[in-house]
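>>> Sequence first, then the predicted structure, then my questions.
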Amino acid sequence: MTETALIRIDVDRTAGRVDRRIFGAFIEHLGRCIYGGVYEPGSPRSDARGFRVDVLDAARALRVPVLRWPGGNFVSGYHWTDGVGPAERRPRRLEIAWHAEEPNTFGTDEFIAYCRELGAEPYICLNMGTGTLDEARAWVEYCNGTGNTHWANLRREHRHQEPHGVRYWGLGNEMYGEWQIGHLSADEYVREARRWVNALRRTDPRIELVSCGRDGWSDWDREVIDGLVRYVDHHSIHIYTGSHDYWSNVLAPHQADRALRVCRALIDRARYWQRVDREVGIAYDEWNVWFRERDEHSGLEERYTLADALAVATYLNVFVRHCAALRMANLAQLVNVIAPIVATPNGLLLQSVYHPLRLCAEHVSEVALDPLVRCATVDHADPPNAPWPHRVGDLGPFPLLDVAATRDADATAVTVTIVNRSPDATVCAAFELGWPVGEPGVTVELVHGDSPDAINTFEDPDRVSVRSRHLAADGARFELDLPPHSFSCVRIPLAR
Ligand code: AHR
């Protein structure tokens, strides 16, 4: 089966600046993410500090600009002072968010060292569950303090003369959820967060604070945004999607479209009525496909299909299209736990979702464009009883191709990222550019596999893989075949 489509690019039709922090990630003390993923002292695959070198190498290729830690649900019972100082003196604690034991051998200083290795800025989420304001304030001082004061000196005692300079701090994690240790009502949260903001900013006025949001359009979000818009720099969103039903799975990331649209409007409205001139951005600080391993005892080691990779690519396209309001996004999570990278004691595996993440982080450029896309559309009826994150039918009809386009500041090259969601049709796409293709011609990187259900395993690690090819095109128009259930990253130099 073949379909046709038109993708017309106008380099002057811009949609905003893409903040590189949309390629951020998240690591949590959960299952084998930290222990056995990021950190495995004694392993022949680890360096002297215990960091898994193979994991670091795979993560570096994802060009993660900002890394969120230590949770997630974990943080709401975490006392950061347990995780600093000599390892043998750190207490081993009962961990009640994920029913585990926390050895505390990976703590703040290890996290900062890991961020430096990765080239990522640290983003710390504060414990608003069992933690106190005094403890949070001390954490900021430990990380950022420059004076001759107790917590800054404790950092120096731990052989870190220079401050860690942690810019981003989250005001609690999912405090609305009854699964959250010490959860609060929106009203209680706003009151508590205002008290915290005051003391935290007095500890370090340079920090950026993130209020705890839900799906972006809930009453919680409205009340928290109204209550905190004058106090914070960013408001967060968490939505995970996924379904065994192919169409629900690949279309559900459009829920992020709704979330970003409504959340931005709530922020605009609050800023207008409260006369806040300062920008307040959105930090989508947990996102991914996640629907199989939902049991909290499971370790959440999701195995990803090609269809999931198409959904992940769609999320990234949504983020590019909403770049005007989105300041940061954090893939949950980086390794082993709902993650693109799988590490076992003996090896490393790149899951299907790794490929679009790597390609977008490498090739999406700084200026978002608003391309014209003409293609077939899909009507999607949500399956009966579909849980809320997957109910996107009202957002349709959906274009068969999901497309985002970006260019560099000088408009000398364009990157077009395209998901062909058709399970059975090749789409022959005609590109119209306004300028002739320049040297060295068009490069296409294709994420593909023999079936939407294809999964990479240690036995068959390349069932979903990337194929690169070069197109000899020189005019201002060329055609490209987009295979069924595939993702294409198309790079086009322009002769201008
Ligand atoms: O990323 C897994 C969990 O999902 C996080 O701990 C929590 O914040 C969310 O519910």
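Noted; the coordinates are in hand.
>>> Whichever residue of the stretch 351-496 of the chain sits closest to the ligand: how many residues sit nearby?
Taking C-beta to the nearest ligand atom as the measure, the stretch 351-496 of the chain has residue 389 as its residue closest to the ligand, at 11.7 Å. Bear in mind the C-beta positions are built from the backbone N, C-alpha and C, glycine included. Here the number of neighbours of residue 389 (other C-beta atoms under 10 Å) works out to 20.
>>> same deal with residue 435?
Residue 435 is surrounded by 17 other residues when neighbours are defined as other C-beta under 10 Å.
>>> could you show me where the helices are in the stretch 251-400 of the chain, in order?
Listed in chain order, the helices of the stretch 251-400 of the chain (DSSP state H, counting those that start in this stretch) span 254-273, 306-321, 354-363.
>>> Turn the ones you listed into a markdown table, columns for mean neighbour count.
As requested, the helices of the stretch 251-400 of the chain are arranged in a markdown table below (neighbours: other C-beta atoms under 10 Å):
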| stretch | mean neighbour count |
| --- | --- |
| helix 254-273 | 19 |
| helix 306-321 | 27 |
| helix 354-363 | 22 |
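>>> Take those helices and lay them out in a markdown table including distance to the ligand and mean pLDDT.
Supplementary listing: these in a markdown table, determined by distance: least, C-beta to the nearest ligand atom, whole Å; pLDDT from 0 to 100:
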| stretch | distance to the ligand | mean pLDDT |
| --- | --- | --- |
| helix 254-273 | 15 | 98 |
| helix 306-321 | 15 | 98 |
| helix 354-363 | 16 | 98 |
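>>> Need these in TSV (columns: distance to residue 29).
Listed next are those as TSV, based on distance: least, C-beta to C-beta, whole Å:
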stretch	distance to residue 29
helix 254-273	26
helix 306-321	24
helix 354-363	22
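>>> tell me the pLDDT at the residue of the stretch 351-496 of the chain closest to the ligand?
What the model reports for residue 389 is a pLDDT of 82.
>>> One more: residue 474?
You'll see residue 474 listed with a pLDDT of 81.
>>> now the residue of the stretch 251-400 of the chain found nearest the ligand, which residues is it bridged with?
Scanning the stretch 251-400 of the chain for the residue nearest the ligand gives residue 332, at 4.1 Å (criterion: C-beta to the nearest ligand atom). Taking DSSP bridges, one obtains residue 26 as the residues bridged to residue 332.
>>> show me what contacts it?
Contacts of residue 332 were listed using C-beta atoms under 8 Å, 6 or more residues apart in numbering, and they are 25, 26, 28, 72, 238, 240, 286, 287, 288, 290, 338.
>>> Look at the third one and tell me its secondary structure.
So that's residue 28. In the three-state summary, residue 28 is assigned as coil, counting by DSSP: H, G, I helix; E, B strand; the rest coil.
>>> Excluding chain neighbours, what is closest to it?
Sequence neighbours aside, residue 72 is the residue nearest to residue 28 in space, at 3.6 Å (criterion: C-beta to C-beta, 6 or more residues apart in numbering).
>>> interface residues of the stretch 151-300 of the chain facing the ligand?
Within reach of the ligand by C-beta under 6 Å from any ligand atom, the stretch 151-300 of the chain has these residues: 173, 174, 286.
>>> Out of these, grab the one that's most surrounded.
residue 173 (29 neighbours).
>>> Other residues contacting the one helix or strand residue 7 maps to?
Per DSSP states H and E: residue 7 is located in strand 2-8. Outside strand 2-8, the residues within contact range by C-beta under 8 Å, 6+ apart are 371-376, 400-401, 403, 405, 416, 418, 422, 425-432, 482.
>>> Give the full set of residues in contact with residue 190.
Contact partners of residue 190, counting by C-beta under 8 Å, 6+ apart, are 223, 224, 227, 228.
>>> just residue 124 next, same as before
For residue 124, counting by C-beta under 8 Å, 6+ apart, the contacting residues are 68, 69, 70, 108, 111, 139, 143, 166, 168, 169, 170.
>>> hmm, 7 Å instead?
Taking C-beta atoms under 7 Å, 6 or more residues apart in numbering as the definition of contact, the neighbours of residue 124 are 69, 166, 169.
>>> what's the burial count for the second one?
By the other C-beta under 10 Å criterion, the neighbourhood of residue 166 contains 23 residues.
>>> Tally up the residues packed near the nearest residue to it once chain neighbours are set aside, please.
For residue 166, the nearest residue in space outside its immediate sequence neighbours is residue 143; the separation is 4.4 Å by C-beta to C-beta, 6+ apart. Here the neighbour count serves as a burial measure; for residue 143 (other C-beta under 10 Å) it reads 27.
>>> Phi first, then psi, for residue 143.
Phi and psi for residue 143, reported as degrees, to the nearest 10, are phi -80, psi -40.
>>> cool, and the one 10 residues further on?
The phi/psi pair for residue 153 (degrees, to the nearest 10) reads phi -70, psi -30.
>>> what does the model give it for pLDDT?
Looking at residue 153, its pLDDT reads 98.
>>> roughly how far apart are it and residue 145?
As for residue 153, its distance to residue 145 is 8 Å (criterion: C-beta to C-beta, to the nearest Å).
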